[in-house]
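K.L.:
Fold the following, please.
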Amino acid sequence: MTNLKIGGVPEHFNYPWYLTLKNKEYAKYNINLRWKDFPGGTGQMATALRDGSVDIAIILTEGIIKDIGDGNPSKIVQTYVKSPLIWGIHVAQNSKFDRIEQLEHATIAISRYGSGSHLMAIVNAHNLGWDIDKLTFKVVGNLQGGIDALTNGEADYFMWEHFTTKPFVDNNIFRRLGDCPTPWPCFVIAVRDEILEKYPEEIKTILQLINKKTIGFKSIENIDKILANRYEQQLEDIQQWLSITNWESENPISEKLIDEIQNKMLTYGVIQSTVNAGKFIKNMYI
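P.N.:
Numbers count the residues shown, from 1 in each chain. From the prediction side, this is the model:
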């Protein structure tokens, strides 16, 4: 039995993984795949890939591209969710701010440096013409940390996935001032180089099984009700999320797309230089 550790955010995007694991689909191929939740998001997962505490990560595209460029010994093996991620821009319910434009000099809560909440705050600032060098950040660890920081006045706004944070908007903990979608596919599957060298066939099998699950995911009977119940979402919110979310299947991420994303990240000031696209990807479908 090959033992492998996989991680991702405990959000609705990763429910297809939960189903394959629940059904013991990997065990049929002599693979013991163990899931670990990473509520701290991409920054936390990038660290886990580096230190070997996780072998595979379902991770935000911008975060892992930045971290591989900075030396993370991992590769992107394919896109997981090819549609953009919608980042909600949130303030506390009682905040003095009521328009995004007022946030230019405000303190931004982020889970970690290099996380999606950090990098997308830079993208949002660039889109609005703000001076990125003057942004002020407060590291809060995860979504709960963001809730606490805004509620306690330690930070002024917090960017997190629109639908995950919707219950906190409904419960009058947050007010959402707007959204900032990623200008690229949002989630990819990254694997440590050491694992790719030792277990290439097992990784191929894992990809084949998850791709088979995501292809038919939206047609699962009552999937909208199942997700709404599991993730404490309004049914209409889950239905909207399903309508705009598209998974990838068996298509390696191309060097052309990596170059396009890097060039956008360079323009946004998220990275300082580009790296040869071949450094980022491993084509498992050759």
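K.L.:
Output the below-cut-off pLDDT ranges for the stretch 51-200 of the chain.
P.N.:
Counting by pLDDT under 70, the stretch 51-200 of the chain contains no low-confidence range.
K.L.:
Would you map the helices across it?
P.N.:
Using DSSP state H, counting those that start in this stretch, the helices of the stretch 51-200 of the chain run over 61-69, 116-127, 143-151, 162-170, 193-198, 200-215.
K.L.:
quick one, which of those is packed in tightest?
P.N.:
Mean neighbours per residue, mean count of other Cβ atoms under 10 Å, is largest over these for helix 61-69, with a mean of 25. From N, CA and C alone the C-beta is placed, and that goes for glycine too.
K.L.:
And the helices of the stretch 51-200 of the chain: which comes nearest G178?
P.N.:
Of all the helices of the stretch 51-200 of the chain, helix 116-127 sits nearest to G178, with 8.9 Å by Cβ to Cβ.
K.L.:
Turn the helices of the stretch 51-200 of the chain into TSV, columns for distance to S273.
P.N.:
Converted to TSV, the helices of the stretch 51-200 of the chain look like this (distance: least, Cβ to Cβ, whole Å):
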stretch	distance to S273
helix 61-69	8
helix 116-127	16
helix 143-151	30
helix 162-170	31
helix 193-198	22
helix 200-215	29
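K.L.:
who touches the residue most central in space within the chain in this structure?
P.N.:
The centre of the chain sits closest to L60, judged by Cα atoms, centre = their mean, with a distance of 3.4 Å. Going by Cβ atoms under 8 Å, 6 or more residues apart in numbering, L60 touches G41, T42, L85, S115, G116, L119, T182, C186, F187, V188.
K.L.:
Those residues: which two are farthest apart?
P.N.:
S115 and V188 (15.0 Å).
K.L.:
Find the residue closest to K218 in space, skipping its chain neighbours.
P.N.:
What sits nearest to K218 in space, not counting adjacent residues and going by Cβ to Cβ, 6 or more residues apart in numbering, is L242, at 5.8 Å.
K.L.:
quick one, which of the helices of the stretch 51-200 of the chain is nearest to K5?
P.N.:
helix 193-198 (9.4 Å).
K.L.:
helices or strands up against that closest one?
P.N.:
In terms of contacts (3 or more Cβ pairs under 8 Å, 6 or more residues apart in numbering; DSSP states H and E), helix 193-198 is packed against strand 74-81.
K.L.:
any chance you could map the strands in the chain?
P.N.:
2-8, 31-37, 56-60, 74-81, 86-92, 107-110, 136-139, 157-161, 174-181, 187-192 (DSSP state E).
K.L.:
burial of the residue nearest to K218, as a residue count?
P.N.:
16 (other Cβ atoms under 10 Å).
K.L.:
Verify the stated contact: it with I226.
P.N.:
No - using Cβ atoms under 8 Å, L242 is not in contact with I226; the gap is 11.1 Å.
K.L.:
now stretch 64-76: how far from the chain's centre is it?
P.N.:
15 Å (Cα atoms, centre = their mean, to the nearest Å).
K.L.:
What distance separates the opening and closing residues of it?
P.N.:
8 Å (Cα to Cα, to the nearest Å).
K.L.:
what does stretch 99-111 give?
P.N.:
End-to-end distance (Cα to Cα), stretch 99-111: 23 Å.
K.L.:
ok, and what's touching that stretch?
P.N.:
With Cβ under 8 Å, 6+ apart as the test, stretch 99-111 has contacts from 40-44, 89, 91, 97, 117-118, 121, 124-125, 128, 130, 134-143, 145-146, 149-150, 154-159, 177-178.
K.L.:
So for it, what gets flagged as buried?
P.N.:
Within stretch 99-111, the residues scored as buried using 16 or more other Cβ atoms under 10 Å are I100, L103, T107, I108, A109, I110, S111.
K.L.:
residues in contact with the closest residue to D37 other than its chain neighbours?
P.N.:
Once flanking residues are discounted, D37 sits nearest to P10: 4.2 Å by Cβ to Cβ, 6+ apart. Applying Cβ under 8 Å, 6+ apart to P10 gives the contacts D37, F38, P39.
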